[in-house]
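Visitor: okay, predicted coordinates and the sequence, questions at the end:
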Amino acid sequence: MTAIDSSTLDTAARRARRFARINKADAWLNVFGLSWLTPILRAAAGDNPRAQAGEVWRLLGVPLLAIAVFVTLWATLAPTVQTSLGAVPGPVQVWEQVGELRQDAIREGERETAFYERQDVRNAEAIANGDTDAVRDRIYTGKPTYYDQIWTSIKTVFFGFLIASILAIPLGIAAGLSATANAALNPLIQIFKPVSPLAWLPIVTMIVSAVYTTNDGMFSKSFLVSAITVTLCSLWPTLINTALGVSSIDKDLVSVSRVLKMNTYTKITKLVLPSALPLIFTGLRLSLGVGWMVLIAAEMLSQNPGLGKFVWDEFQNGSSQSLARIMVAVFTIGIIGFLLDRVMYALQSMFTFSNNR
C-alpha cells in the first residue's frame, strides 16, 4: 500500500512539474505569437485533450479561417474593380511581385559586385603600371533595392524612437514625481500631441537644412529629417504613460523612501522605475507604432529614402505592376509594424520578469 501511494505521489509530482514548465513557456510563447502551442503541449501532457483542442481552434484555427476568408474575398472581388492602372491585383498577382522584387534585388546585387570587380581590376592595372594617381575608390550608386528601402526605414524609425525615448522617459518621470513639472509640461503636451507629421515635416526640413550644412557628416539630411519627424510625433505616448506610471506608485512606498532617506537617484532606480515599468513599456510600444506610421507618411511627402518613397515612386510610375507592388509594400509595412510590437513586447517581458524575480 505504501509503495502504491509513493508511486502515485511521484507521478503527481512529475505531472505538476511538467505543467509548471508548460505554464512558464506559455509566457514566452505569447510574446512570439505562438500561444496556440500551449494547449497542444497541455494535451500531450494529458490535460483534457477535448478542451485543449477547442483552445487550439480558438487560438489558431479561427485566425487561419479569417485569413482564408479574407484572401478568398480579395481574390473574388479584386478583378471586378477597375482603376486607371487596370484591375485591382489579387493575391496571385501580388505574390508574383514579391518574387519580382526579390529578383530585382538579386540583379542589383550582381551589378554592384560587377562594378567593384571592374574597379579593382582598373586599380590593380594602374598600380602595376606605376600610375597610383589613377587609383580611384568609388561608391556604387545604383538604384536602392526593395530590401534597401526596408532597411532604411527600420534604421530611421529606431533612431527617431530612441531619441524620443531618451527625451520622454526623464520628462515623464519628472512630471510624475513633481506636480510643478507636470503643470509645466501638460500644456505643451496638449498643444503638440495632436500635431500631424505633415505639419512638422516642412519645419523640420527647413531647420535641418539650415543647421546641418555639412555634406560628409555621419547622417544624411534626409535621414535626419525623417528621424526627427518621427521623434516629434512619437514621444508623447511614452511621456504620458511614464508620468501616469510614476504618479500611480503606491504612496506607502514613497513614505518608505522618505523614512530611509533615499537620494533622488536611488529613489528613481530602486522604487519609481520598477513600479512604473509596465506603463512605461506600454508607452514605448505605442510610441514605436506611432513612429512607424509617421515615418511612412514623412518619407512619402518628403521623398526621403525608405518604404514611403517606394510607394510614392510606384504610384507615380503608373505601370501595370505598380498597384501590385504598392500592395506588397502595404503588407510589408503591416508585418514589420507587427514585428516591431513583438520586439517591444519581448523586451517588456524580459524586464518585467527580471524585475519580479
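Guide: Happy to help now that I have it. Numbers count the residues shown, from 1 in each chain.
Visitor: how about low-confidence regions in this protein?
Guide: Counting by pLDDT under 70, the chain shows low-confidence ranges at 1-12, 215, 217, 353-357.
Visitor: ok, now how distant is T269 from N182?
Guide: The gap separating T269 from N182 is 21 Å, by Cβ to Cβ, to the nearest Å. (Glycine included, C-beta is placed from N, CA and C.)
Visitor: touching, G283 and L235? I think so.
Guide: No. Taking contact to mean Cβ atoms under 8 Å, the distance of 9.4 Å between G283 and L235 leaves them out of contact.
Visitor: tell me which element the residue sitting nearest the centre point of the chain is part of?
Guide: Geometric centre of the chain, nearest residue: L340, 2.3 Å, by Cα atoms, centre = their mean. When secondary structure is defined using DSSP states H and E, the element that contains L340 is helix 322-356.
Visitor: who does that helix touch, helix- and strand-wise?
Guide: Of the remaining helices and strands, those touching helix 322-356 by 3 or more Cβ pairs under 8 Å, 6 or more residues apart in numbering; DSSP states H and E are helix 2-31, helix 91-128, helix 146-177, helix 273-302, helix 307-317.
Visitor: what angle separates it from helix 91-128?
Guide: Between the axes of helix 322-356 and helix 91-128, defined by axes from the mean of the first three to the mean of the last three Cα atoms, to 10 degrees, the angle is 80 degrees.
Visitor: i'd like the first residue to be 3 from this point on
Guide: Shifting the count to begin at 3 puts that one at helix 324-358.
Visitor: same question for helix 324-358: list its buried residues.
Guide: Buried residues in helix 324-358, counting neighbours by 16 or more other Cβ atoms under 10 Å, are found at 324-331, 334-335, 338-339, 342, 346-347, 350, 353.
Visitor: and if you look at stretch 168-180?
Guide: Residues of stretch 168-180 classed as buried under the neighbour-count rule (16+ other Cβ under 10 Å) are A170, I171, L173, G174, I175, A176, A177, G178, L179.
Visitor: roughly how far out does it sit from the chain middle?
Guide: Taking the mean of its C-alpha atoms, stretch 168-180 sits 23 Å from the chain's own mean (Cα atoms, centre = their mean, to the nearest Å).
Visitor: element containing A45, please.
Guide: Taking DSSP H and E as the criterion, the element that holds A45 is helix 39-46.
Visitor: tell me which residues in that helix are buried?
Guide: L39, T40, P41, I42, L43, R44, A45.
Visitor: with stretch 143-152 instead?
Guide: Under the neighbour-count criterion of 16+ other Cβ under 10 Å, stretch 143-152 has P146, T147, Y148, D150, Q151, I152 buried.
Visitor: nearest to G291 among these?
Guide: I152 (17.3 Å; Cβ to Cβ).
Visitor: who's in contact with that closest one?
Guide: If a contact means Cβ atoms under 8 Å, 6 or more residues apart in numbering, then I152 has L309, T334, I338 as its contacts.
Visitor: what about 10 Å?
Guide: Remark: with contacts taken as Cβ atoms under 10 Å, 6 or more residues apart in numbering, I152 is in contact with P146, G308, L309, F312, A331, T334, I335, I338.
Visitor: any idea how far it is from T158?
Guide: For I152, the distance to T158 - Cβ to Cβ - is 11 Å.
Visitor: with adjacent residues omitted, what lies nearest to L169?
Guide: The spatial neighbour of L169 that comes closest, neighbours along the chain excluded (Cβ to Cβ, 6 or more residues apart in numbering), is L237 at 5.5 Å.
Visitor: understood, closing this out.
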